[in-house]
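Colleague: The sequence and its predicted three-dimensional model are supplied below.
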Amino acid sequence: MPPMDDISHILAPLNDAQREAVTASGGNRLVLAGAGSGKTRVLVHRIAWLIQVEHAVPWSLLAVTFTNKAAREMRGRIEEILQQPLGGMWVGTFHGLAHRFLRAHWQEANLPQHFQILDSEDQQRLVKRLLKEMQLDESRFPPRQVTGFINAQKDEGRRPEHLDDGGDFFQRKLIEVYYAYEAACARGGQVDFAELLLRAHELLRDRPDIRHHYQQRFAHILVDEFQDTNAIQYAWLRMLAGERDNLFLVGDDDQSIYGWRGAKVENMQRFQRDYPNTQVVRLEQNYRSTGHILKAANALIANNPSRLGKNLWTSGGEGEPILRYAAFNEVDESRFVVERIRRYITEEGYRRDECAILYRTTAQSRLFEEALLNAQIPYRVYGGLRFFERAEIKDAMAYLRLVANPDDDIAFERAVNNPPRGIGLRTLDSLREQAREARGSLWRAARDLTGSGALPPRAAGAVNQFLGLIQKHQACARDLNLEALTRDLIAAAGLAEHYRKEKDGKGQDRIENLEQLVETARRFRHEMGWDYEVPAIDGADGTRPDQAGGAVAGGVPSGPGNPTDIPAGNPEGGYTQGNNTEGNADDNTEGPVPLDKSDLNAFLALAALEAGDTQADDSEDAVQLMTLHSAKGLEFPIVFLVGVEEGLFPHSLSAQDPSRLEEERRLCYVGLTRAKQRLFICHAEKRRIHGSEDYFFPSRFLSEIPAELLQEIRGGGISRPYSYGRSDNFLTASTMPARVGSNQGRSGITSATPTDTGGFRLGQRVRHPKFGEGVVLSSEGLGAAARIQINFHDAGSKWLVLAYARLEPLG
DNA sequence: AACTTCGGCTTTTTT
DNA sequence: AGCCGAAGTT
């Protein structure tokens, strides 16, 4: 341990508030860390402080994050500042840590030793199958909603037996599905994401011996992004902390944007009630953005009534004004943004990756991609399918899963006739039927039926062949390493051949991805995995302090077509490859390593828990495109916040409910605070959405930003007052050409017959005495029959009879 | 059993 | 407009 005088590197880079948090001793701490206030730095330095100054052993520390990326980054930064590897410290995601915990205590948790993890897609498939078996109509019980119901219950810590249908038919059925779902998971030895947390919590709750063991072990528990915890995660933390008052929670209630998936901002207030001795530290000095940007963000978020309260400030300058662009339509918007980016790159020397385009919904990326493509500016879109979520990878993984556990029905259904081998619906139905009757797995049903001659010979042959394929690999799994098993299985199943024949252009990509999978398996080594050793609970020191490291396994590919890439590299740089054993493993290949069953299982767990990156090649300097959600935690010198329109942002599905509207506002706050130097806010007056064209008001969020901080840019250099009148789309009886034919829309003309609009123009703003302000969408009919469609700001879109509607033109 | 077409639906995303 | 699932066709 370095001497006391060697702590300047821990404290020197900190401001007073940060230092207060880092050096706190005794008691719980809640750090309210505003955007850009050095939240991660505080966590990292706190841990360094605990180890170097308070002489805490890494083994007695627990640090929890939400994403694997954050966990990797934190571990890397701690190791960097300490200049030593963090052996036994538990750093990971809630799910990752719960998984590790359950692996160690599978018996006590009443799980099979080699339980598998279901990802969301698997879960959805299972629910679908159950709905079908229970003969519930999918239109009345949409699988998505049913899955959502089950997950929401688990997130709240509720088992089906805790639920009451309240006499409601739907509720009763949902509970029945939940029961059936649990039974199916138990039969297949499977655990979904929420189950990891719930089981881990229940185990701590029900087993005082285990609970005390961990309570004793963890002297300090640190949590990042605390505002994103759900009920069960919070309960789990409390359980682990016990009476030790050893919680160090970092979060920002203003950046809570995952309420829709169970996160509870309330946990921040609740924590202060549950632990009245908690000391709160506010980090309000922002090191990221200009004064104007911070003022805008502060003003915006002030509109949210339920806040803990915080005000960001900077010692830096005010910076440039925020620029606002009212685009005519979405194409104009994308052209504007790309033109500006082009100028920043070519005229001001910015790198491409210093520019980010942030949007509310993924669908919005397309136009920007097109415009960037046109301008020949490289870009990178975040989000979308990750490596282990790709269909071909899941196909191959289904075979691996069956080798590990033949009772995995979800894998069975996926693999059995893919590639097609003559096992059709009829055959599958009889397998399902048999499985249901025998209350066993499909695998067993298949063995029963092929043995008893109950299947038609042809089907029986095909099923037998499939069974043989899996069995053969189960047998030789002992002699093969993971890589060989994966490669052989893909070949024997005929997957690559199958994709080769695929006629759409994706076949080649898919084959490359399968090759990448084999490569990933090759790199995956036992020593990268987890230490599943069962701690001796009654012993003073059950887990080996030096061994438990590497909560985050290496080897997840960052995407296709880049076999030599360094996996999971940190684009922000600054961290050494730390726990990433990969580099070494690559170079000292010691010949074929025999496959340990836990090797295969660790690989399967990795695939589920850490699905890999979305895209290859972070190395190329490219403009960054992402949703606001995925932008959290990032920063860019130049930010374009686009599609800032009422109905899109806030999204129409959230605008009604006050609490969801607040969350939208927080999302906007997150967006604004991503910008370091320049911020553009764009909205389109007219936008094609879901196939039809609509008029939009600028978002209310725009009007919540003080006008003096905003400067409007006029389109195409033409100075024109901001109004909806820019539309070239006049639709009055006199100017409207009589058109025949069906190719409407192209020129923006939405009706082919002459109509009477009473002098109102399409896109014109109007006021109605009852419905308030709105925009003319379209019209039909003549004279007394003339009707006009208005999209009202508050009341939505309505058809009104012109003769009666007392409409007053605006603007 | 495999291929084709039609119809409904459409936020955000990590584990 | 596009994606997915379900029904209809070959």
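Modeller: In hand now; what should we look at?
Colleague: Any idea which residue of the stretch 401-550 of chain A lies closest to DNA strand B?
Modeller: The nearest approach of the stretch 401-550 of chain A to DNA strand B comes at A:Gly424, 0.6 Å away (Cβ to the nearest atom of the strand). (Glycine included, C-beta is placed from N, CA and C.)
Colleague: tell me which parts of the stretch 1-150 of chain A are close to DNA strand C?
Modeller: Within the stretch 1-150 of chain A, the residues that sit near DNA strand C (Cβ under 7 Å from any atom of the strand) are A:Glu138.
Colleague: re the thing from before, please name the nearest non-neighbouring residue to the residue of the stretch 401-550 of chain A closest to DNA strand B.
Modeller: A:Asn417 (7.0 Å; Cβ to Cβ, 6 or more residues apart in numbering).
Colleague: could you measure the residue nearest the centre of chain A against DNA strand B, distance?
Modeller: In chain A, the centroid-proximal residue (Cα atoms, centre = their mean) is A:Ser630; its distance is 7.1 Å. Going from A:Ser630 to DNA strand B by Cβ to the nearest atom of the strand, to the nearest Å gives 5 Å.
Colleague: So what's the model's average confidence on the host helix or strand of that residue?
Modeller: In this assignment (DSSP states H and E), A:Ser630 forms part of helix A:628-631. Throughout helix A:628-631, pLDDT has a mean value of 94.
Colleague: How far away from the center of its chain is that helix?
Modeller: In terms of Cα atoms, centre = their mean, to the nearest Å, the centre of helix A:628-631 is set 9 Å apart from its chain centre.
Colleague: Listing partners with orientation, what would you give for the helix or strand just after that helix?
Modeller: Sequence order places strand A:636-641 as the next helix or strand after helix A:628-631, per DSSP H and E. With DSSP bridges as the test, strand A:636-641 is paired with strand A:355-359 (parallel), strand A:675-689 (parallel).
Colleague: Could you say which of those strands is packed most deeply?
Modeller: The highest mean neighbour count among those, using mean count of other Cβ atoms under 10 Å, belongs to strand A:355-359: a mean of 26.
Colleague: From the rest of the structure, what touches it?
Modeller: Strand A:355-359 has contacts (Cβ atoms under 8 Å, 6 or more residues apart in numbering) with A:337, A:341, A:344-345, A:365, A:368, A:623-628, A:631, A:634, A:636-643, A:671, A:674.
Colleague: same question, stretch A:190-204
Modeller: A:94-95, A:97-99, A:101-102, A:105, A:108-109, A:111, A:115-120, A:122-123, A:150-151, A:154-155, A:157, A:184-185, A:210-211, A:214, A:232-233, A:235-236, A:239-240, A:408, A:410.
Colleague: go on, stretch A:408-419?
Modeller: Under the contact criterion Cβ under 8 Å, 6+ apart, stretch A:408-419 has outside partners A:116, A:118, A:122, A:125-126, A:129, A:184, A:187-190, A:394-395, A:397-399, A:401-402, A:405-406, A:423-424, A:428, A:435, A:441-443, A:446, A:463, A:466, A:493-495, A:497-498.
Colleague: Which of those residues fall in helices?
Modeller: Of the contacts of stretch A:408-419, the ones assigned to helices by DSSP state H are A:122, A:125-126, A:129, A:184, A:187-188, A:394-395, A:397-399, A:401-402, A:428, A:435, A:442-443, A:446, A:463, A:466, A:493, A:495, A:497-498.
Colleague: Mind giving me the PyMOL select for these, buried ones only?
Modeller: Here is the PyMOL command that selects the buried residues among the ones in helices among the contacts of stretch A:408-419 (16 or more other Cβ atoms under 10 Å):
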select buried, chain A and resi 122+125+126+129+184+188+394+395+397+398+399+401+402+428+435+442+443+446+463+466+493+495+498
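Colleague: Spell out which parts of chain A neighbour DNA strand C.
Modeller: Proximity of chain A to DNA strand C is confined to A:138, A:690-691 under the rule Cβ under 7 Å from any atom of the strand.
Colleague: Out of these, the closest to A:Leu385 would be?
Modeller: Nearest to A:Leu385 among the residues of chain A next to DNA strand C is A:His690, at 22.2 Å by Cβ to Cβ.
Colleague: Measure how buried the closest one is and give me the count.
Modeller: By the criterion of other Cβ atoms under 10 Å, A:His690 has 6 neighbours.
Colleague: swap in A:Gly309?
Modeller: A:Gly309 has 9 neighbouring residues, counting by other Cβ under 10 Å.
Colleague: Need the per-residue pLDDT for it.
Modeller: pLDDT at A:Gly309 comes out at 89.
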